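Q: show me how the following folds:
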Amino acid sequence: MTREPIEVAFERRGSGSPLVLLHGIGHRWQAWEPVLDRLAAAHDVIAVDLPGFGSSPPLPEGRGYDMPSAVRACADIFADLGLDRPHVAGNSLGGVLGLELASRGLVSSATALAPAGFWTPRDRAWALWVLRMIRRSGRLPGGTRLLRRRYFRLVAGALLYGHPSRTTAEIMLADLVSMVGSPAFDLVAAAGRDYVYDSPAPSVPVAVAWGTRDRVLWPRQARRAAELLPRARHVWLYRCGHVPMIDEPEHVASLILETCAAASESEAA
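A: Sure, this is the predicted structure:
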């Protein structure tokens, strides 16, 4: 039976071996803008809006948002884009998607930035509460106008960024509008209510990085990640929040490039 292609919006730059970038829940491909050109100097970089986020429509009817379904959707998106085992880098939801893809041998390497799934039930409840609170703020009368005020922007941005002053009001407003309008947000949150990462350790190169100022997924979750992924490279991103490519783009880009290079070296050996 021929499946229906999955339509996604994406930004594609550069040339070389393919590298797919996956954002977090409620975000959009523009989250990767600070690192795109650096990565595109070495790779064919495809930053996608996951189905139901950003400018991408929801998944075709009959397809779900639980983790196994999400992994299959990513694999189908790769196929639709003509990609065979690309490198992948992801943040939050995108981070754990990358790890699940790596566990199944569907990618050549995975760099996971503040990946979801290594939480306790209390940690998971906190993360979803914070993200839902941010989303609801965009629905309040005058909520988006408050982002024009620097003080409010710094306070609100501190939940996601280690350096909220490095993000402009225009970008924060566009991100909030995108989060409010994401038809897949509640579907993904509901499907992931009982999810924890427990897949076999990937055989491809993997790097897992955590921001020391992450206030969505507390850094203590790094310990469980290290236990479940003993062969991965584990990195601390100092003074970074939950979206570290905004805080320290040079450091994040270097980490992704090093992970991709490790895969190339392993394949050449």
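
Q: so what does the helix or strand containing Leu131 touch, helix or strand wise?
A: Assessed by DSSP states H and E, Leu131 sits inside helix 121-137. Counting by 3 or more CB pairs under 8 Å, 6 or more residues apart in numbering; DSSP states H and E, the packing neighbours recorded for helix 121-137 are helix 169-180, helix 185-191. From N, CA and C alone the C-beta is placed, and that goes for glycine too.

Q: lowest-confidence stretch among the ones you listed?
A: For these, the bottom mean pLDDT is recorded on helix 169-180, which sits at a mean of 87.

Q: helices and strands around the helix or strand encompassing Glu250, which ones?
A: Element membership for Glu250 (DSSP H and E) is helix 249-268. The contact analysis (3+ CB pairs under 8 Å, 6+ apart) places helix 249-268 against helix 33-40, strand 87-91, strand 109-113, strand 206-211, strand 233-237, helix 244-247.

Q: export those to JSON lines and tack on distance to Glu61, mean pLDDT and mean neighbour count?
A: Shown next, in JSON lines, are the helices and strands packed on helix 249-268 (distance: least, CB to CB, whole Å; pLDDT from 0 to 100; neighbours: other CB atoms under 10 Å):
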{"stretch": "helix 33-40", "distance to Glu61": "32", "mean pLDDT": "98", "mean neighbour count": "20"}
{"stretch": "strand 87-91", "distance to Glu61": "26", "mean pLDDT": "98", "mean neighbour count": "31"}
{"stretch": "strand 109-113", "distance to Glu61": "30", "mean pLDDT": "98", "mean neighbour count": "31"}
{"stretch": "strand 206-211", "distance to Glu61": "34", "mean pLDDT": "98", "mean neighbour count": "25"}
{"stretch": "strand 233-237", "distance to Glu61": "39", "mean pLDDT": "97", "mean neighbour count": "17"}
{"stretch": "helix 244-247", "distance to Glu61": "33", "mean pLDDT": "95", "mean neighbour count": "26"}
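
Q: and stretch 187-203, how far from the chain's centre?
A: A distance of 14 Å separates the centroid of the chain from that of stretch 187-203, by CA atoms, centre = their mean, to the nearest Å.

Q: tell me the contacts of the nearest residue to Ser92 once chain neighbours are set aside?
A: Excluding the flanking residues, the one nearest Ser92 by CB to CB, 6 or more residues apart in numbering is Gly24, at 3.1 Å. With contact set as CB atoms under 8 Å, 6 or more residues apart in numbering, Gly24 has these partners: Ala31, Gly90, Asn91, Ser92, Leu93, Gly94, Gly95, Ala114, Ala116, His242, Val243.

Q: sketch out the low-pLDDT regions of this protein for me.
A: Counting by pLDDT under 70, the chain contains low-confidence ranges at 1, 140-148, 151, 266-269.
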